[in-house]
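Student: this one's structure only:
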């Protein structure tokens, strides 16, 4: 699967709550990032795009966000991540930020910029060809 119409940095968003996933994806695209979306960790591993950042709920059906992050880092050791969780985590690996639920989408976009820098292109669009 690929991202069409976007030259910006690619963010992989893994969130099982579709309404949260939709709001976050829109905000990230509006900020100029390309966004790949998955509802479960297993779907996320299938993406072959060069992902700059993983944003994941820590508690996902079938796996944890941390397990997903560790799996993806085998293929991309420099991968950064934002873990989304309802409470403070015990410890975070290097290169990982934490967003407590509930959170402001603007704070999440700011955390993305802090971890991977600003998007390099204007807002991404999806090709309908």
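Tutor: That came through, no problem. As the structure is a computational prediction, the values presented were derived from the model and not from experiment.
Student: quick one, strands of the chain?
Tutor: 10-14, 34-38, 53-57, 59-60, 63-64, 80-85, 96-100 (DSSP state E).
Student: Which of these sits closest to residue 119?
Tutor: Nearest to residue 119 among the strands of the chain is strand 34-38; the distance by C-beta to C-beta comes to 8.0 Å. Glycine gets a C-beta too; all of them are placed from N, C-alpha and C.
Student: can I get the strands of the chain in CSV with mean neighbour count and distance to residue 119?
Tutor: Shown next, in CSV, are those (neighbours: other C-beta atoms under 10 Å; distance: least, C-beta to C-beta, whole Å):
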stretch, mean neighbour count, distance to residue 119
strand 10-14, 25, 9
strand 34-38, 21, 8
strand 53-57, 25, 11
strand 59-60, 16, 25
strand 63-64, 16, 28
strand 80-85, 22, 14
strand 96-100, 17, 17
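Student: I'd like to know how far the residue nearest in space to the middle of the chain sits from residue 68.
Tutor: Among the residues of the chain, the one closest to the centroid is residue 55, at 2.8 Å (C-alpha atoms, centre = their mean). Residue 55 sits 11 Å away from residue 68, going by C-beta to C-beta, to the nearest Å.
Student: which residues sit against the helix-or-strand element of the chain with minimal mean pLDDT?
Tutor: Lowest mean confidence among the helices and strands of the chain (mean pLDDT, DSSP states H and E): helix 41-44, at a mean of 79. Identification of contacts with helix 41-44 by C-beta atoms under 8 Å, 6 or more residues apart in numbering yields 12, 14, 36, 38, 54, 56, 60, 62-65, 67-68, 71-72.
Student: cool, stretch 63-81 as well?
Tutor: 12, 14, 40-42, 44-45, 50-60, 83-85, 93, 95-97, 115-116.
Student: so where's the protein uncertain?
Tutor: Residue ranges of the chain with pLDDT under 70: 1-7, 48-49, 87-93, 121-129.
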